[in-house]
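# Have a look at this prediction, sequence included:
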Amino acid sequence: MVSLDTLKNCFDYEQGLLRAEKPIEDILFWESHSALAISGRDARLPSVEAAVQVISDSGWPVLTRKSGGSAFPVSSGVLNISILRHYSKDVIRNADSNYTILTDWLMRSLKPLNLNISVGGTKNAICDGRYNLMIDGKKFVGTSQQWHRRPDGSSRHLMHCSMFVSADIKELVGVVNKFYSIADLNLRSTASSDVHINLCDYEPNLTVESVAHLIADVQFD
Amino acid sequence: MVEVIIPNDMWEEDLEGVIVTWIYKTGATVAEGDVLCEVMVEKSQSDLLSPAAGILTIIEDAEAIVKRGQVIAHIE
């Protein structure tokens, strides 16, 4: 686990590695104080300034991230994993192939827990996508990617996933809904906490750190 | 004049992307290899680099829906 206590520190560290002159390949496991990460598109919503003010004043600093998707919250009880890879010009990779490698790795890592884990979209989930991990149909991992292309044709790649281990899911979903209700003038459908789940709901003894070790013990690709 | 094009290998065939942010505005002087804009498709976001040095003219603004192979700006 890297010691990066705020989301801003985590994002700055990731971007520094991604844009370093010399290619760096690494896997970071981190946990952050409470914060809301919004996308570049979220940052242009009609009433975003008011939303950021309200959410920040309630103890959730709001930061804009560089990877795709919509708003997602981090807090204690959420394990974040950042995977940095460098691909030379002749290596053909796309978003789907990378998501498949990422989700396969997580599935292999979590296999000892004997849970009914699947990959797919989750209706009414926060920051939904086609490559969530779900237990019994409920989302506990979200994924996103960022590609940094280089002038020489090579690319740096950041894959990110957030895993609910022992989070206060109702609070996290509530923060996202409140952000969009203000920023987007209530035009967006509301996410439901009922479609999310913590790993601890199945294995109460798990902690963010123990899950990080479980995953780190399995080769990424 | 050089066209700034969404690369064909940026994502899979049937998907559409969206321009998230232009780093430079129309009229700006850019260098070859500068990051011009960020493009998102589903939950993947990519930098798009300038193919040449010159003066940028944006054709597709932020929030525009774009396809692979589409011209989104010119550099003269």
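Nice, I can see it.

# Can you tell me how far A:I38 is from B:S46?
Using Cβ to Cβ, to the nearest Å, A:I38 is found at 18 Å from B:S46. The way it works is simple: take the backbone N, C-alpha and C, and place the C-beta from them, glycine included.

# Name the SS class of the residue in chain B that chain A sits nearest to, please.
Residue of chain B nearest chain A, by Cβ to the nearest Cβ: B:G33 (3.3 Å). Following DSSP: H, G, I helix; E, B strand; the rest coil, the label given to B:G33 is coil.

# What separation is there between it and B:L49?
Applying Cβ to Cβ to B:G33 and B:L49 gives a distance of 5 Å.

# Repeat that for A:I182.
Distance from A:I182 to B:L49, by Cβ to Cβ: 35 Å.

# Next: B:V30.
Distance of B:V30 to B:L49, computed by Cβ to Cβ: 10 Å.

# cool, and A:E21?
A:E21 is 16 Å from B:L49, by Cβ to Cβ.

# If you count surrounding residues, which of those two has more?
More crowded of A:E21 and B:L49, by other Cβ atoms under 10 Å in any protein chain shown: B:L49, with 19 against 5.

# For beta bridges, what are the partners of that one?
Beta-bridge pairing for B:L49 (DSSP bridges): B:V35.

# so it makes contact with B:D34?
Yes - between B:L49 and B:D34 a contact is recorded at 6.7 Å, counting by Cβ atoms under 8 Å.

# so what's the residue of chain B closest to chain A up against?
A:R150, A:P151, B:L49, B:S50 (Cβ atoms under 8 Å, 6 or more residues apart in numbering or on different chains).

# cool, and B:D9?
B:D9 touches A:I92, A:N94, counting by Cβ under 8 Å, 6+ apart.

# what separates the residue sitting furthest away from the middle of chain B from B:L48, distance-wise?
Relative to the mean C-alpha coordinate of chain B, counting by Cα atoms, centre = their mean, the farthest residue is B:D14 (18.4 Å). For B:D14, the distance to B:L48 (Cβ to Cβ) stands at 20 Å.

# hang on, the earlier thing: any residues in contact with both of B:G33 and B:L49?
Listed as contacting both B:G33 and B:L49 by Cβ under 8 Å, 6+ apart are A:R150, A:P151.

# in chain B, which spans are helices?
For chain B, applying DSSP state H gives no helices.

# Quick one: name the residues of chain B near chain A.
B:9, B:11-12, B:18, B:20-21, B:32-33, B:38, B:40-49, B:62-63 (Cβ under 8 Å from any Cβ of the partner chain).

# Now the buried members of those.
B:11, B:18, B:20-21, B:38, B:40-49 (16 or more other Cβ atoms under 10 Å in any protein chain shown).

# how about low-confidence regions in chain A?
Across chain A, the ranges flagged by pLDDT under 70 are A:1-5, A:186.

# got the residues of it near chain B?
So chain A meets chain B at A:39-41, A:44, A:66-69, A:92, A:94-96, A:127, A:129-131, A:143-151 (Cβ under 8 Å from any Cβ).

# Could you turn the buried ones of these into a ChimeraX selection?
Only the buried entries of the residues of chain A next to chain B go into this ChimeraX selection, using 16+ other Cβ under 10 Å:
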select /A:39,40,41,66,67,68,69,95,127,129,131,143,144,145,146,147,148,149,150
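
# Tell me which of the residues of chain A next to chain B fall in helices.
Judged by DSSP H, helices contain the following of these: A:A95, A:D96.

# Mind checking which of the residues of chain A next to chain B are in strands?
Counting by DSSP state E, those place A:T143, A:S144, A:Q145, A:Q146, A:W147, A:H148, A:R149 in strands.

# Any idea what the fourth one is bridged to?
What that stands for is A:Q146. Applying DSSP bridges, one finds that A:Q146 bridges with A:L158, B:Q45.

# what about it, distance to B:P51?
Taken as Cβ to Cβ, the span from A:Q146 to B:P51 is 21 Å.

# Taking chain A, what residue is nearest to chain B?
Counting by Cβ to the nearest Cβ, chain A gets nearest to chain B through A:P151 (3.3 Å).

# Do I have it right that that residue meets B:E32?
Yes - using Cβ under 8 Å, A:P151 makes contact with B:E32 at a distance of 6.8 Å.

# If we go by neighbour counts, what in stretch A:41-53 is buried?
For stretch A:41-53, burial by neighbour count (16+ other Cβ under 10 Å) applies to A:R41, A:D42, A:A43, A:L45, A:V48, A:A51, A:V52.

# ok, so of these, who is nearest A:Y13?
A:A43 (20.8 Å; Cβ to Cβ).
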